[in-house]
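Chemist: model this:
(chains A and B)
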Amino acid sequence: DTGVSQNPRHKITKRGQNVTFRCDPISEHNRLYWYRQTLGQGPEFLTYFQNEAQLEKSRLLSDRFSAERPKGSFSTLEIQRTEQGDSAMYLCASRAKGPNTEAFFGQGTRLTVV
Amino acid sequence: GENVEQHPSTLSVQEGDSAVIKCTYSDSASNYFPWYKQELGKGPQLIIDIRSNVGEKKDQRIAVTLNKTAKHFSLHITETQPEDSAVYFCAASSGGYQKVTFGIGTKLQVIP
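Modeler: Numbers count the residues shown, from 1 in each chain, chains lettered A, B, ... in the order given. As a prediction, this is how the structure comes out:
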């Protein structure tokens, strides 16, 4: 499968625990995005990488959230001290170089904080 | 910031009928309008997009129209099939996917 891969698919954690999600973009896609999608809503932008550089972060990304893309390939999104309000689907998308290239989404990681 | 409103939130049509989903946006700087289909348990998939220099675009049974003056854009699906059943999202962007704002989605059910 050469699509965007996200792991794990599901994560249940207790409030206050830390969690980390991984995204493997399509090979050679230099741009990578993280979004959060809550039930009944559209995805909301969290952060954007071009190669290994994190170029933009949304105001939604509180201090408890951190994302990395150390070698410009896979990316991780970590949430520290999880809260019930963090429960959502976390989506990753990647795009190839070029002005009008399509963004391909992964299947997401569904986080439930209990 | 950008605000995208989408309606209806749910839509049921008989197989073979047409389905229309409408969106409005607030930021006149928005120039890219993608539409996504999301099936249960999957990520959104781009089905068609339109840029601000075009008023209409068609791809087989799917068409999108854009009225920049009124800040409206719409998705039209003709000859609907059961496999069209999914949640559809409109979106608007003024510059790349880091500036994209999605609507709340329309759950389309095509009844065989």
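Chemist: hang on, B:I48 in a helix?
Modeler: No - secondary structure of B:I48 (DSSP: H, G, I helix; E, B strand; the rest coil): strand, not part of a helix.
Chemist: check what pLDDT it gets.
Modeler: In this model, B:I48 is scored at 96, pLDDT.
Chemist: what bridges to it?
Modeler: B:W35 (DSSP bridges).
Chemist: quick one, what contacts it?
Modeler: For B:I48, the contacting residues are B:34-35, B:57, B:59, B:62-64, B:75, by Cβ atoms under 8 Å, 6 or more residues apart in numbering or on different chains. (C-beta placed from N, C-alpha, C; glycine too.)
Chemist: strands along chain B, start to end?
Modeler: Taking DSSP state E as the criterion, chain B carries its strands at B:4-7, B:10-14, B:19-25, B:32-38, B:45-51, B:56-59, B:62-67, B:72-77, B:86-93, B:100-102, B:106-111.
Chemist: which single residue of chain A ends up nearest chain B?
Modeler: A:G42 (2.9 Å; Cβ to the nearest Cβ).
Chemist: next, count neighbours for that residue.
Modeler: Residues lying near A:G42 (other Cβ atoms under 10 Å in any protein chain shown) number 22.
Chemist: low-confidence ranges, chain A, go.
Modeler: A:1 (pLDDT under 70).
Chemist: tell me the bridge partners for residue 110.
Modeler: Since you didn't name a chain, this refers to chain A. Under the criterion used (DSSP bridges), A:R110 bridges to A:H10, A:M89.
Chemist: actually, chain B is the one I wanted.
Modeler: Following DSSP bridges, B:V110 is listed with bridge partners B:V13.
Chemist: for chain B, what lies in contact range of chain A?
Modeler: B:4, B:6, B:36, B:41-46, B:51, B:89, B:91, B:96-105 (Cβ under 8 Å from any Cβ of the partner chain).
Chemist: can you tell me the closest non-neighbouring residue to the most centrally placed residue in chain A?
Modeler: Compute the mean C-alpha point of chain A, and by Cα atoms, centre = their mean the closest residue is A:W34, 3.4 Å away. Leaving aside its chain neighbours, A:W34 sits nearest to A:L46 (4.3 Å; criterion: Cβ to Cβ, 6 or more residues apart in numbering or on different chains).
Chemist: just list what the helix or strand containing the one you found packs against, helices and strands only.
Modeler: In this structure, A:L46 sits in strand A:44-50 according to DSSP states H and E. Applying 3 or more Cβ pairs under 8 Å, 6 or more residues apart in numbering or on different chains; DSSP states H and E, we find strand A:44-50 packed against strand A:31-37, strand A:53-57, strand A:65-68, strand A:75-79, strand B:100-102.
Chemist: from chain B, which residue is nearest to chain A?
Modeler: B:F102 (2.9 Å).
Chemist: wait, that residue sits on B:C90?
Modeler: Yes - counting by Cβ atoms under 8 Å, B:C90 is a contact partner of B:F102 at 7.3 Å.
Chemist: and the strands of chain B as TSV, adding distance to A:T112?
Modeler: Below are those laid out as TSV (distance: least, Cβ to Cβ, whole Å):
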stretch	distance to A:T112
strand B:4-7	26
strand B:10-14	25
strand B:19-25	30
strand B:32-38	19
strand B:45-51	24
strand B:56-59	37
strand B:62-67	34
strand B:72-77	32
strand B:86-93	20
strand B:100-102	22
strand B:106-111	22
